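# Could you work out the structure for the sequence below:
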Amino acid sequence: MSHEGIQFLSREEQQQRERDEARASQLSRQALTPAKVRVLVTEGTGMEIDWQDGHRSQWSFAWLRHACPCATCVEERKNDGRQPGQPKAKPSQLLPLYEPPARPSSAHPTGRYAIQFQWQDGHTAGIYSWDFLRRNCQCETCRAESRQ
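Below is the predicted model of the structure:
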């Protein structure tokens, strides 16, 4: 819940934020600096980053779209109790509606600290910082560490 720039967090949210901050503080500058960024729009598969510390991360476009770090998406996920990358629950309907796969129409660097996508659904507000992406690496090793 937020009001005029003030954010009230539950105990669990505060603990998660502290864990995230502790993990982020453990990452070196090289761990947060991309050596090579590949946005695989033509293939439609996602994004890959080779970090200067030798680690390699990759995300699907669906995960990236569902993990949008803009304030609106973060608030919506918080209200639904979802984690970054976790899709919205599908309404139970007799005939499910077709939903096109998440795919950006373009991607642009934002300074030296982030990347921003223009999604085909029209959403453009999310700025994906290198820190956010590294902390949300989807490789098996990083996912196992975040579960602990």
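# where are the low-confidence patches of the chain?
In the predicted model, the chain carries pLDDT under 70 at residues 1-7, 20-25.
# Would you map the helices across it?
11-26, 61-66, 71-80, 130-135, 140-147 (DSSP state H).
# Residue 101 is nearest to which of those helices?
Closest to residue 101 of the helices of the chain, according to C-beta to C-beta: helix 61-66, at 6.6 Å. The way it works is simple: take the backbone N, C-alpha and C, and place the C-beta from them, glycine included.
# Who are the packing partners of that closest one?
The contact analysis (3 or more C-beta pairs under 8 Å, 6 or more residues apart in numbering; DSSP states H and E) places helix 61-66 against strand 46-51, strand 114-119.
# partner strands of the last one, parallel or antiparallel?
According to DSSP bridges, strand 114-119 forms sheet pairs with strand 104-110 (antiparallel), strand 127-129 (antiparallel).
# can you list the helices and strands packed on helix 61-66 in a markdown table and add mean neighbour count and distance to residue 146?
Formatted as a markdown table, these follow (neighbours: other C-beta atoms under 10 Å; distance: least, C-beta to C-beta, whole Å):
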| stretch | mean neighbour count | distance to residue 146 |
| --- | --- | --- |
| strand 46-51 | 19 | 17 |
| strand 114-119 | 19 | 21 |
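# And the ones you listed: which comes nearest residue 148?
Evaluated over the helices and strands packed on helix 61-66, closeness to residue 148 peaks at strand 46-51, with 21.0 Å, by C-beta to C-beta.
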